[in-house]
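> Provide a 3D model corresponding to the input given below.
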Amino acid sequence: MAHVTLEICVDSPGGLAAAVEGGADRIELCSALNLGGLTPSPGMIQMARRSNIPIVAVIRPRAGDFVYGSEDLDVMEAEIAAMRNAGLSGVVFGASKPDGRLDETALGRLMAAAKGLEVTLHRCFDLTPDKADAMETAVRLGFRRILTSGGATTATAGLPEIAYMISLARGRIAIMPGSGITPANAGSLLDRVPVTDIHASCGARLGVAPRTVTLGLATGTEKQTEASRVRALKQVVLRHAAPKLRTS
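Residues are numbered from 1 along each chain as shown. You can find the predicted model right below:
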């Protein structure tokens, strides 16, 4: 069986340490996962550089949609340059038109800034009205992989669409399932679709003082990656990749 890369997304120093300890193959570094993930801080970038596994960083300058103006794109180009200068392996971004289609002009500008880095198209892909067309755009622009839940709330719910995208990709671009993947459901997913990467957070809810939420200083939905959950998911991935013994 082919090796499957386990990518863990983290947004805190503790989560980063837990992902490395648990055996992640690659880290997606960001901030504010409860907002869908924003560009990580300089301190987190420096901390991530100390690990000996590949690090890709989310490039998303603000919460909200993925319809970006020229000022947003200026910031994103600067953030991409910062990740390159920090020695990270790659970046993760996306850009949409108001109707949900990929903004090929904006993405072309960002891809030019990211030349030489591995680039993932994030889940703005799940907002596109025609995913086959969006995938062709991603291939044409030179993306290495697409992170997707198949347009559903979770990757398991979107599995038929993910399988369809993999068949259309024909190896030209990796289709990476993500959203809601856990040790409990990853084996079934891996048995049903031939993927080279999976994406998860392996997070557990953080205890936040109620008054912190009341004062608007936290949302109460914050999570942090746990090493035990990463380790359990990694074991599922390894069992899936292990040669199956024949029985007579």
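> which non-adjacent residue is nearest residue 58?
Distance criterion CB to CB, 6 or more residues apart in numbering; nearest residue to residue 58, sequence neighbours excluded, is residue 30 at 3.8 Å. (Glycine included, C-beta is placed from N, CA and C.)
> From residue 165, how far off is the one you found?
According to CB to CB, to the nearest Å, residue 30 and residue 165 sit 23 Å apart.
> These two: which is more packed in?
residue 30 (26 against 23; other CB atoms under 10 Å).
> could you list every residue that touches that one?
9, 10, 11, 37, 38, 39, 40, 57, 58, 60, 92 (CB atoms under 8 Å, 6 or more residues apart in numbering).
> Now do the same contact list for the second one.
Going by CB under 8 Å, 6+ apart, residue 10 touches 16, 18, 19, 27, 28, 29, 30, 33, 201, 225.
> Can you report how many residues lie near residue 110?
22.
> got a pLDDT number for it?
You'll see residue 110 listed with a pLDDT of 98.
> Verify the stated contact: it with residue 80.
Yes. With contact defined as CB atoms under 8 Å, residue 110 counts as touching residue 80 (6.8 Å).
> what touches both of the two?
Shared contacts of residue 110 and residue 80 (CB under 8 Å, 6+ apart): 59, 93.
> In terms of distance to residue 220, which of the contacts of residue 30 ranks first?
Closest approach between the contacts of residue 30 and residue 220, by CB to CB: residue 11, at 15.7 Å.
> Was I right to think residue 202 contacts residue 21?
No. Residue 202 is beyond contact range of residue 21, at 11.2 Å (criterion: CB under 8 Å).
> out of those two, which sits in the busier spot?
When residue 202 and residue 21 are compared for neighbours, residue 202 comes out ahead with 28 against 14, by other CB under 10 Å.
> Now the longest helix along the chain: average pLDDT?
For the chain, the longest helix by residue count, based on DSSP state H, is helix 70-86. What helix 70-86 shows for mean pLDDT is 98.
> Pull out the buried residues from that helix.
72, 73, 75, 76, 77, 79, 80, 82, 83, 84 (16 or more other CB atoms under 10 Å).
> what separates residue 114 from residue 121, distance-wise?
Taking CB to CB as the criterion, residue 114 is separated from residue 121 by 11 Å.
> which SS class is residue 6?
strand (DSSP: H, G, I helix; E, B strand; the rest coil).
> mind checking how far residue 176 is from residue 231?
20 Å.
> Comparing the two, which residue is more hemmed in?
Between residue 176 and residue 231, counted using other CB under 10 Å, the more crowded position is residue 176 (22 against 16).
> Go ahead and confirm the more buried one touches residue 195.
Yes. Shown here, residue 176 and residue 195 form a contact pair, counting by CB under 8 Å, at 6.7 Å.
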